[in-house]
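*Asks:* Got a predicted model here, sequence first, then my questions.
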Amino acid sequence: MIEQAGNRLKKPLLTDRLTLWPGSLETLPQGGGFDAVFSCNVLQFVDDRTAFLELVKEHLKPDGLFATTFQPRGFCATAQAGRDWIGAFAEDLCQANFVDVDIREEVFGDMPAFCALGTAPA
Ligand SMILES: C[S@@+](CC[C@H](N)C(=O)[O-])C[C@H]1O[C@@H](n2cnc3c(N)ncnc32)[C@H](O)[C@@H]1O
């Protein structure tokens, strides 16, 4: 993932607009500074989503945006599975006191991609 990102984002890397940091959210140093956190096809692998979302909030500024995307993949993937997962993620965001929680769905190739968004409390 780091190698792919490095290849795609050469310009912002060269101009110091971007830092790529390999590691998990749990080991990311320094909390509290980000305007936004985005994850793609990650949350379904997280065992304790409550703890994960508390960490996301710690790394966000007040009113910072969290967006998490899920696109079902594989031979047995269905759009309904995507809707079910993203609905569960949106519920988790509400439970974690994110506000303005919303869901988006967009066709992306042959399978829709689903995104749950929430704003960290002020
Ligand atoms: C299926 S891959 C998705 C990769 C890429 N985002 C994509 O959509 O192609 C799942 C990714 O979740 C990452 N991941 C799982 N748990 C994580 C955590 N606690 N913190 C950060 N990344 C995590 C894994 O390292 C892996 O790169």
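*Replies:* Received it, and whenever you're ready, just let me know what you need.
*Asks:* Count the neighbours of Phe34 for me.
*Replies:* Phe34 has 18 neighbours, counted by other C-beta atoms under 10 Å. Placement of C-beta: from N, CA and C, glycine included.
*Asks:* make that Glu105, sorry
*Replies:* Other residues within reach of Glu105, judged by other C-beta under 10 Å, total 13.
*Asks:* Please apply the same query to Phe66.
*Replies:* 24.
*Asks:* On the C-terminal side of the helix or strand of the chain with the lowest mean pLDDT, identify the next helix or strand.
*Replies:* In the chain, no helix or strand scores lower on mean pLDDT, DSSP states H and E than helix 10-14, which sits at a mean of 89. Per DSSP states H and E, the first helix or strand lying C-terminal to helix 10-14 is strand 34-40.
*Asks:* Sheet partners, orientation included, of that following strand?
*Replies:* Using DSSP bridges, the strands paired with strand 34-40 in its sheet are strand 60-70 (parallel).
*Asks:* Perfect, I'm done here.
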